[in-house]
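Visitor: Predicted model, plus sequence, below.
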Amino acid sequence: MRNQRLLAAAPDAFGGWRTAWRELEAAGVPPDELQSLTFTGFPLGNIVHAVAQGRTDAGVIPVCLIERMERDGSVASGALRVLAPRRDKGMPCGHSTRLYPDWPLAALRDTPEEAARRLAVAVLTAAPDSGIGWTIPEDYGSVRELMRELRVGPYAHLAPPGLAELIRRYWYALAAVATLLAALAWHSRRIDTVVRLRTAELREALAARDLAQAEARRRQDELDHAARLGILGELSTTLAHELAQPLTSITNYANGLMRNLGRAPQDTGRLAEAGRAIRAQAERAEHILRHVRQLARKAPPERRRVELAELISPVCEWFLQLHPGIAPGFTLSLDANLQGRHLLADPLQIEQVLLNLLQNAADAMAGQPASDRRLAVDARLDNGQAFVTVCDSGPGLPPELAERLFEPFFTTRPQGLGLGLSICRSIVERHGGHLQRADTPPESGMTMAFTLPLEPTSRPGIH
């Protein structure tokens, strides 16, 4: 019957619709899957004629109606057939549904007694061939089961309510939900507005912070540059002395070379030796000046991947060129485990830190005999970090002064600015390390130590 046309008596007709409805549901063909469902009302014979004339595909009629209409000639015999016929004992007529009790006869409380008596007489005195039969009802369970399955009659409350019924039953709850949703929508819009305002304020604050940080970095770079110039100022006398030596040697070798050129025959071997000496002294002077220019140049910090040993050794070598009197008592110890280990740093700033510590040590030992001067630089691997110490044999500092060592503008030298160690600590901390004074016995010199983090992915070299 799916997608077919069907006629029935009425939506509440038991034998004229509901019995067939139950079978359609059992067959998996609910009414909404029919092409059309039309209720024609009474008489039911009109449904039979509509099917016979092809105006519909099927119809729902009470049992035995076709047989009666065939007997009285209302419809041609065999013109119609019963769909999905069933066989039940005691029922000679064709039928498609389960059998149910027919019309019940009952007297209500206010039924006139005379009318009830006359009906009972008519039923009891009916002739056997009148076509009317009756019996005492035994069980209406099949009727109750049909109503329960279809959720009609006394079981109508089991059927899913429609939209209008839901609104009628739960209007107060729906109103509360609508009010809550409206409140949530208003709250959401308010929160969005507040978030937008706070986001704009946060964006402005972050922009101001970035500007402040950029200005702080610029001022720190200026301070670092000033510190480097201060170091050069403190080294100016030593630089002049150290540059005077190679320049004097160059002058002497040049004079000797000129005298040799005036002689005959010329000694080419001595001329070549003088030329080599001039070149060596010039390279020494150029090396000193190159480091001076590097310290004096004003450039933004630029970090790159370097080996610590590549920074320490050249600085120590240049420092000893400026302080040759310290060279006999100088020792440099580089841990073999540092070879092949890298750090991300600005080489110029790390050289500035080490040179400042070395210069402070040289100044501390200036009043000592050359034979008593001891200066040691030690670099080793410690817990994944580079640990560098600079130890001198100077007089050291009293505890009350040592505690103020890193205070800005604190200095024990008349010509000092008191910014060197403060800036050095700032540089080391910006590189993720720490600079401090190591504990040493009184009057046994000073030991300064700083750490620098190494790259975690670095691997020790092969030795």
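Guide: Received, thanks.
Visitor: residues touching Gly16, list them.
Guide: 8-10, 44, 60-62 (C-beta atoms under 8 Å, 6 or more residues apart in numbering). Heads up, the C-betas are built off the backbone N, CA and C, glycines and all.
Visitor: Tell me, how many residues neighbour the nearest residue to it once chain neighbours are set aside?
Guide: Nearest residue to Gly16 in three dimensions, chain neighbours excluded: Ala9, at 2.8 Å (C-beta to C-beta, 6 or more residues apart in numbering). Number of residues near Ala9 (other C-beta atoms under 10 Å) recorded here: 23.
Visitor: ditto for Arg304
Guide: Neighbour number of Arg304 under other C-beta under 10 Å is 10.
Visitor: Next, the contact list for it, please.
Guide: 344-347.
Visitor: So which residues of the stretch 251-400 of the chain form helices?
Guide: 268-296, 308-322, 347-364, 399-402 (DSSP state H, counting those that start in this stretch).
Visitor: Now distance to Glu145 and mean pLDDT too, for those, in CSV please.
Guide: Formatted as CSV, those follow (distance: least, C-beta to C-beta, whole Å; pLDDT from 0 to 100):
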stretch, distance to Glu145, mean pLDDT
helix 268-296, 104, 70
helix 308-322, 94, 84
helix 347-364, 95, 85
helix 399-402, 103, 70
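Visitor: Determine which stretch of these is the most buried.
Guide: Greatest average neighbour count among the helices of the stretch 251-400 of the chain goes to helix 347-364 (a mean of 22), per mean count of other C-beta atoms under 10 Å.
Visitor: Check which helices and strands that helix sits against.
Guide: Contacts defined by 3 or more C-beta pairs under 8 Å, 6 or more residues apart in numbering; DSSP states H and E place helix 347-364 against helix 163-261, helix 268-296, helix 308-322, strand 375-382, strand 385-392, helix 420-430, strand 447-453.
Visitor: what's the offset of that helix from the middle of its chain?
Guide: Centroid separation for helix 347-364 versus its chain: 45 Å, with C-alpha atoms, centre = their mean, to the nearest Å.
Visitor: Stretch 209-216 too?
Guide: 28 Å.
Visitor: what mean pLDDT would you report for that stretch?
Guide: For stretch 209-216, mean pLDDT is 84.
Visitor: In strands, which of the contacts of Gly16 fall?
Guide: Among the contacts of Gly16, the members falling in strands are Ala8 (criterion: DSSP state E).
Visitor: Closest to Leu163 out of the contacts of Gly16?
Guide: Set against Leu163, the nearest of the contacts of Gly16 by C-beta to C-beta is Ala10 (24.3 Å).
Visitor: contacting residues around that closest one?
Guide: Ala10 sits in contact with 16-17, 39, 41, where contact means C-beta under 8 Å, 6+ apart.
Visitor: Swap in 10 Å and give it another go.
Guide: 16-18, 39-42 (C-beta atoms under 10 Å, 6 or more residues apart in numbering).
Visitor: cool, and Arg303?
Guide: 343-347, 349, 430-431.
Visitor: Over to Met147?
Guide: 14, 18, 22, 153-156, 158.
Visitor: Quickly find the element holding it.
Guide: helix 141-150 (DSSP states H and E).
Visitor: same check, this time on Gln436
Guide: Gln436 belongs to strand 434-438 when assigned by DSSP H and E.
Visitor: neighbours around Ala379, how many?
Guide: By other C-beta under 10 Å, the residues close to Ala379 number 21.
Visitor: right, I mislabeled it, should have said Tyr172
Guide: For Tyr172, using other C-beta under 10 Å, the count is 8.
Visitor: And Gly329, by the same measure?
Guide: Neighbour tally, Gly329, other C-beta under 10 Å: 17.
Visitor: One more: Cys93?
Guide: Cys93 - counted by other C-beta under 10 Å - has 13 other residues nearby.
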